[in-house]
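**Q** The sequence and its predicted three-dimensional model are supplied below.
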Amino acid sequence: MKLIGVVGSGSTIVYAPLIVYEEAEKYAKEEQLVIIEDTWRNIKFLGILRNVKRYEPFLNIYRRTSFVDNPSLVESGTLPHTGAYISIIGALRAFKLESVEIPPNPGSRVYVVEGKEDLKVNLGRGLVVGVHKYSGVEIPLTPESIPFHVAVVGATGTGKSRLVKALIDEILNETGYRVIVFDHAGVDYVPYYRDYVAQASKIVLDVSVISDLILERTGLDRRTYESYILLSTLWYAFNKVFPKLSREEIEKLGVAELRKGFTYNVLSKLVSLIDYGELTRFMAKYPIEWRSSEYRDYALKVIDLLKGRESAKVRLGISLDVRLGEGFFKSLSGRNVLPSDIVDLAFRQKLVVIDLSMEDPIVKKYVVSTVINEVWKKVEEKQESVNIVAVIDEAHNYACRYCGEPHKAITRTSREGRKWGFGLILATQRAIDIDPEIRGNINTWFFSKLQTPSDFNEISAFMNLAGISESSLAILEKREFYIAGLMNPLRIPVLIKVKEVPLP
Ligand SMILES: Nc1ncnc2c1ncn2[C@@H]1O[C@H](COP(=O)(O)OP(=O)(O)OP(=O)(O)O)[C@@H](O)[C@H]1O
Ligand SMILES: [Mg+2]
């Protein structure tokens, strides 16, 4: 420990002014951990140094002094000194951190914590993703806060994904939680967990999302074409699956009474009889080959049945042939995994990383929302804690207000997850891209250098930042993050350096 100064007048139970000794000035760096020794009352306090400033009694920019007229006066001497604030974390008593009842006495000596050995305090067991930047003290994060949700924000390249990787490993090693990772680009998590990867390109898409994809990719006007496309897709999927079904399965699908034939009546009966959940399940059990030319035949027949115009057929034909092509239909084919299989896998092997990289944004959203909804189905079935964490990196694609289905699923989880051991870890470049309702339910924040200045206000709106300034964030380096909120055992935000997470 190095003595750096004494507590000045005006301390409170949350912060203490510090007068830094001249020769110790170079040791008084912002974010250092310090110990205040109040020998009068025999109390030690732990705190963090913030707002380090250099003062001079006469060089006051608001007061006119002789220095203004006689610049050479500076040569004959000035009286500078360093002052700072200590954000008080707690009182140190018998290796424990306790709450502060009285302010430290002015005149108390202040020491910088230089290493782990200087800080004899038991912070409990927890998840360690890094150490305090200057002292190297490990900050064990409280695992009980996992279902109260975590966000990681910072400009691009600050090390968010690596931090999340470190957090996932700690959760897997130290807790009973299962983890489902949605790897948006397939480069941040997939390479680390090859044995746990599930390809999103194997997940069965339901009839409505296939129709959305076709409409979106072809650019066909929804007002005219949505009904054609929906019915064609349903008809195609049904006809591919039906011949493979047993009598029991046909019953299950709800279509036992359906007559054969391709008439308006049959189609409309199908629409009202079929169990869509079962259809999707059978699409997984009996994977479908989707072919462009066949789909086109179905679509043209549907337009006929619905008495559509010839011109609609032409436009649809062109769109399917030119805008989509065989590659698109191939990407729909051979899918045999259900979102519920992914959740079951997470229960069995504790970790699943879903590689979303090859998928269209519509499919990515579908996968995120359906997998989260399947977890909720488990909760509803069992009425007990599921102990699952969903990791959503690049969360602005899923948790924004206008992100559709995943937004709904994430909002529900953020609101109700805590009751059922269902936590979220969201990582994104800008906090403001996460819907405020979700943001308000996140109780632990890691933040580094920020992409957008207004984010600082966003975070400070629901966290006590205990004297951290926006300018101190701007100078953070890669791998340096503040941790604030429930997971932080120190109660006020501390600066950590994330542990080395090498490439696999
Ligand atoms: N903990 C770490 N250990 C080792 N290298 C790291 C660590 N954190 C960051 N890096 C380095 O910084 C680079 C960027 O890290 P990372 O991909 O985690 O940033 P990011 O904040 O997720 O960026 P983006 O917003 O672009 O996704 C990494 O490729 C790596 O070289
Ligand atoms: Mg990243």
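**A** It's in. From a predicted model like this one, the values you see are computed outputs, not experimental measurements. Residues are numbered from 1 along each chain as shown. Ligands and ions are numbered 1, 2, ... in the order given.
**Q** Where is the longest helix in the protein?
**A** helix 361-382 (DSSP state H).
**Q** which residues touch that one?
**A** 180, 182, 184, 200, 203, 205-206, 209, 212-213, 216, 339-340, 342-343, 354, 356, 359, 386, 388, 390, 392, 397-398, 403-406, 408-410, 412-413, 420, 422 (Cβ atoms under 8 Å, 6 or more residues apart in numbering). Every C-beta, even on glycine, is put in place using the N, C-alpha and C of the backbone.
**Q** got the residues of the stretch 51-200 of the chain near ligand 1?
**A** 154, 156-162 (Cβ under 6 Å from any ligand atom).
**Q** about what we covered before: return a PyMOL selection command for the buried portion of the contacts of helix 361-382.
**A** To isolate the buried subset of the contacts of helix 361-382 in PyMOL, counting by 16 or more other Cβ atoms under 10 Å, use the following:
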select buried, resi 180+182+184+200+203+205+206+209+212+213+339+340+342+343+354+356+359+386+388+390+392+397+398+403+405+406+409+410+413+420+422
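**Q** In helices, which of the contacts of helix 361-382 fall?
**A** Short answer: the contacts of helix 361-382 in helices (DSSP H) are 209, 212-213, 216, 339-340, 342-343, 405-406, 408-410, 412-413.
**Q** rewinding a little: for the longest helix of the chain, buried residues please.
**A** 362-376, 378-379.
**Q** So what's the gap between it and the chain middle?
**A** Offset of helix 361-382 from its chain centre (Cα atoms, centre = their mean, to the nearest Å): 16 Å.
**Q** and that helix, what's its mean pLDDT?
**A** What helix 361-382 shows for mean pLDDT is 97.
**Q** Show the model's pLDDT score for residue 347.
**A** 96.
**Q** what about it, how many neighbours?
**A** 14 (other Cβ atoms under 10 Å).
**Q** Let me see the domain layout of the chain.
**A** What automatic domain parsing lists as the domains of the chain is 2-122, 143-203+338-498, 207-332.
**Q** how far away is the nearest residue to residue 404 once chain neighbours are set aside from residue 220?
**A** Residue nearest to residue 404 in three dimensions, not counting chain neighbours: residue 365, with 6.0 Å by Cβ to Cβ, 6 or more residues apart in numbering. Using Cβ to Cβ, to the nearest Å, we find residue 365 at a distance of 20 Å from residue 220.
**Q** Check residue 164 too.
**A** Distance of residue 164 to residue 220, given as Cβ to Cβ: 39 Å.
**Q** Tell me, how many residues neighbour residue 58?
**A** Other residues near residue 58 come to 12 when the count uses other Cβ under 10 Å.
**Q** what secondary structure does it sit in?
**A** coil (DSSP: H, G, I helix; E, B strand; the rest coil).
**Q** Now this structure against ligand 2: closest residue?
**A** residue 161 (3.3 Å; Cβ to the ion).
**Q** Show me which positions of the helix or strand hosting that residue end up buried.
**A** According to DSSP states H and E, residue 161 maps onto helix 160-174. Within helix 160-174, the residues that count as buried by 16+ other Cβ under 10 Å are 160-172.
**Q** before we move on, what about stretch 428-440?
**A** So, applying 16+ other Cβ under 10 Å, buried residues of stretch 428-440: 428-435, 438-439.
**Q** Which of those fall in helices?
**A** Using DSSP H, the buried residues of stretch 428-440 in helices are 438-439.
**Q** From residue 208, how far out is the residue nearest to residue 404?
**A** 13 Å.
**Q** before we move on, what about residue 168?
**A** For residue 168, the distance to residue 208 - Cβ to Cβ - is 32 Å.
**Q** that older thread, could you double-check that the residue of the chain closest to ligand 2 sits in contact with residue 428?
**A** No: if you go by Cβ atoms under 8 Å, residue 161 and residue 428 don't touch, sitting 10.8 Å apart.
**Q** what does the protein put close to ligand 1?
**A** Counting by Cβ under 6 Å from any ligand atom, the residues of the chain near ligand 1 are 154, 156-162, 429, 478-479, 498, 500-501.
**Q** Looking at the helix holding residue 161 now, give me its mean pLDDT.
**A** Across helix 160-174, the average pLDDT comes to 98.
**Q** So which residues make contact with that helix?
**A** Helix 160-174 is touched from outside by 125-130, 141, 143, 146, 150, 152-154, 177, 179, 181, 188-189, 192, 350-351, 389, 391, 393, 425, 427-429, 446, 448, 479, 481, 498-499, 501, with contacts defined as Cβ under 8 Å, 6+ apart.
**Q** Work out the gap between that helix and the centre of the chain.
**A** That offset, for helix 160-174, works out to 12 Å (Cα atoms, centre = their mean).
**Q** Just the CA trace of that helix, in CSV.
**A** Output in CSV follows, covering the C-alpha atoms of helix 160-174 (Å, rounded to 0.1, in the frame of the first residue of the first chain):
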residue,chain,number,x,y,z
LYS,A,160,-17.9,-6.8,-25.8
SER,A,161,-18.1,-10.2,-27.4
ARG,A,162,-14.9,-11.4,-25.7
LEU,A,163,-16.3,-10.2,-22.3
VAL,A,164,-19.5,-12.0,-23.0
LYS,A,165,-17.5,-15.1,-23.9
ALA,A,166,-15.7,-14.9,-20.5
LEU,A,167,-19.0,-14.5,-18.8
ILE,A,168,-20.5,-17.5,-20.5
ASP,A,169,-17.6,-19.7,-19.4
GLU,A,170,-17.9,-18.5,-15.8
ILE,A,171,-21.7,-19.2,-15.8
LEU,A,172,-21.1,-22.7,-17.2
ASN,A,173,-18.3,-23.5,-14.7
GLU,A,174,-19.6,-21.9,-11.6
